[in-house]
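Chemist: Here is the input, now give the coordinates:
(2 chains)
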Amino acid sequence: MTSDAIPIGHEHVPPGPPAEATPSFARIVLRRTFASWRARVGAAWIGLMAFAAVFAPFLASSHPLAMKIDGRWSSPLLQHLTAADVILLIAAFTALALLCVPVAMSRRMMLFGGVLLILIPTAYLTIRPPATVVYERYREWEAAGRIERAFYAPIPYSPSDRLRDQPQASLRAPDRRHLLGTEVHGADVLSRMIHAARIALAIGLIATGIAVVLGVIIGGLMGYYSGTVDILGMRLIEIFEAIPTLFLLLAFVAFFPRNLYIMMAIIGLTSWTGNARFIRAEFLRLRKQDFVQAAIAAGLPLRSVLFRHMLPNGITPVLISASFGVASAILYESTLSFLGLGLVDEPSWGQLLNQALGVGGTFTWWIALYPGLAIFLTVFAYNLVGESLRDALDPKLSGIQ
Amino acid sequence: MIDYIIRRLLLMVPTLVGITAVVFFVMAYSPGGVGATLISRDAELRPAERRALEEYYNRRYGLNLPRPLQYLRWLGRVSPVGPKSAHEGFPRGLAFGLKAPDLGESMSRHRPVGAMILEALPVTLLLNLITIPIIYSVSIYLGIHAARHRGKLQDVGSGTVLLGLWSIPSIWAGVMLIGFFASREYLKLFPTTGLHDVRAESMLFLPSFGPEGFQRGWLLDTLYHLVLPVICLTYGGFAFLAKLSRGAVLEALMADYVRTARAKGLSEKAVLYNHVLRNSLLPLITVAAHLLPGLIAGAVVVETIFGIPGMGKLTIDAINARDREVVLATTLVAGVLSLIGILIADVCYAIADPRVSYDK
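Modeler: Here you go, the predicted model:
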């Protein structure tokens, strides 16, 4: 039975001839997934959102990219970059560069992790943007004629620029200055939406990552040991499944401080059960197979048996559910923000949507339409990718074609 | 079968204890705990009054006890078996036995929690009772349709459209529906909030023609208020169930008995609806159970947007007010409901498919 043990993720590079003759399983699946236009459309939208998330400060900011004031050039935008902005930028470029370098996937992951490990503390320690930001001053300087030349981002409004210097800034309908209008406090809707892409994508990816790791560990132990561990684990899964996730999330979020990382952890903590079920089923199937027995007989440590030998053969259903998991994590975040339980001063699609229905039955269509559309398209994109991945991995379908 | 049901009912007890324990300890170990928020709400108290209030809460809810003990106290109150005052419950003479569970009193509204739940639960159940049949009938029809035209445009197209519907966040759908169909700016076709008209109390139950012309009546008025919320709850369910019924119908269409039925010269309709449909319903039954908790959670959002006083709104309000008793009670009720839903589905499964047996 070892013949169907196709390792993915870990490439056991043979010392002899290059493995070009037979493409790896992961490569076949990827090719089959992106053969359908649905997956391509979905991936394109996700790519666009990722671009918006990484380059948000350069796409929408009240700070001029470069300006000549009193005869001297300066770049307020670069000065106001936060540690998170810099980390995102460098991480994105590192990831792109690593994808171009021909090394094994596991090596790439390790390199990327190492870069992040050095990058995050140094960025937080060294980068200190000015604590108080007065957006109005650029417009005042402009009006006073102090600025000789200035280059602005494509959308010259920061997400928290409430336009305090302008009368009736709040709830302005879309026009040429504010392409998607302004929200209740006067901030530009498009700018807030671009910056909100960050939270949506970060929550989706990290919460799902936590859910996958938890599900793999708990489900893996259940499937490997079966018996008592399995029964106890199933009760745990039942408990978490019988509480509606949204209830638990609401309870967690309402009772604990509002924080992006806590929110990610909570969404992850409440949505691991499906992954655990899949891994458990796969491991129950795998544990008696020859290659696993051989690994145990060789005296390998449990960690190695579970994650090196069994996991690559049982991970595929989790890959599919992770793709849908990202979509549902984004939905949860926007629902929480919509209900007023999201982050306090961070732009979020759900929180924008919440402002569409005002007190007294007023309805602001541009605040309802665009952020909602952003949530919908992102969730739809992840679902499309997940659906194509499922079709590509479905053994029944591949037998027919 | 009876054995099986009893065993499953008993197995529910540890699960329910686990569910409430998770929620209880989340609340108990949150910064500030439950008591602090209760007291901070009345901020303008004099120190003596504050101490008196604190003492009252501590005595009433045991907030100064160690947290595990608080949880055990709560369990003792809601448990239907345990110490009780004699002459109440069963058996009458003894101080130990069956009793009515006491869900406590709401900390923010100072009303018995049991009564609050009895008001809210029927509303949520009504929403679900309208929603589930609609989801099922539409998605079974769509699933059969897709399976018959497998691989053609109808199949792929309906799959993508349904996936799109599934991806529409219900918060967006709710806001857009209210905005365009119920607000003053656009079409004012439907009411924006609530479950009844202001005059609902004085309405007849059924619609009638009186001297003032057509009267909607209580029933139609309620349904009229439920149109938008039900749309909001249903559209997302189609994708999942339609995909499932498509798969089941496809599998059944390839079975030998279908070939036999066709060979007998039965019409395609008879083959589909008498032979294929009945055999492909099985997976749909099991899924019903897992749909229920999702719908209760979905009701949270829909009830909040449309201002419907159901379980979801009760829970959200309680969570926002940090009302420990109500949050625990709604969690318990939601847990019981979903576990019973799963049990009913398993029993239905055995009834529908004679091959499935739970008896050893």
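Chemist: so where do the helices sit in the stretch 201-350 of chain B?
Modeler: Taking DSSP state H, counting those that start in this stretch, the helices of the stretch 201-350 of chain B run over residues B:217-253, B:256-263, B:268-270, B:277-280, B:282-306, B:311-320, B:324-352.
Chemist: the inter-axis angle of the longest one versus helix B:256-263?
Modeler: Taking axes from the mean of the first three to the mean of the last three Cα atoms, to 10 degrees, helix B:217-253 and helix B:256-263 form an angle of 90 degrees between their directions.
Chemist: one step back: got JSON lines for the helices of the stretch 201-350 of chain B, with mean pLDDT too?
Modeler: Below are the helices of the stretch 201-350 of chain B laid out as JSON lines (pLDDT from 0 to 100):
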{"stretch": "helix B:217-253", "mean pLDDT": "84"}
{"stretch": "helix B:256-263", "mean pLDDT": "89"}
{"stretch": "helix B:268-270", "mean pLDDT": "85"}
{"stretch": "helix B:277-280", "mean pLDDT": "80"}
{"stretch": "helix B:282-306", "mean pLDDT": "74"}
{"stretch": "helix B:311-320", "mean pLDDT": "85"}
{"stretch": "helix B:324-352", "mean pLDDT": "82"}
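Chemist: what about the helix or strand where B:Val23 lies and chain A, any contact?
Modeler: Per DSSP states H and E: B:Val23 is located in helix B:2-28. Yes - Helix B:2-28 reaches chain A (Cβ under 8 Å from any Cβ of the partner chain) through B:14-15, B:18-19, B:22-23, B:26-27. For the C-beta atoms, the positions are set from N, CA and C on the backbone; glycine is no exception.
Chemist: Any of these buried? List them.
Modeler: Listed as buried from the residues of helix B:2-28 next to chain A are B:15, B:18-19, B:22-23, B:26-27; burial here means 16 or more other Cβ atoms under 10 Å in any protein chain shown.
Chemist: Tell me the one of those residues nearest B:Leu126?
Modeler: Using Cβ to Cβ, the shortest approach to B:Leu126 within those belongs to B:Ile19, at 24.3 Å.
Chemist: got the contact list for that closest one?
Modeler: A:239, A:242-243, B:331-332, B:335 (Cβ atoms under 8 Å, 6 or more residues apart in numbering or on different chains).
Chemist: same thing but at 7 Å, please
Modeler: With contact set as Cβ atoms under 7 Å, 6 or more residues apart in numbering or on different chains, B:Ile19 has these partners: A:239, A:242-243, B:331, B:335.
Chemist: Which pair of those residues spans the longest distance?
Modeler: Using Cβ to Cβ, the contacts of B:Ile19 span at most 11.1 Å, a distance reached by A:Ile239 and B:Thr331.
Chemist: So for the two, which sits in the more crowded spot?
Modeler: Higher neighbour count among A:Ile239 and B:Thr331: B:Thr331, with 24 against 20, using other Cβ atoms under 10 Å in any protein chain shown.
Chemist: Could you measure from the residue nearest to that one when sequence neighbours are not counted over to A:Leu341?
Modeler: Closest residue to B:Thr331 apart from its sequence neighbours, by Cβ to Cβ, 6 or more residues apart in numbering or on different chains: B:Val23 at 4.7 Å. Distance, B:Val23 to A:Leu341, by Cβ to Cβ, to the nearest Å: 16 Å.
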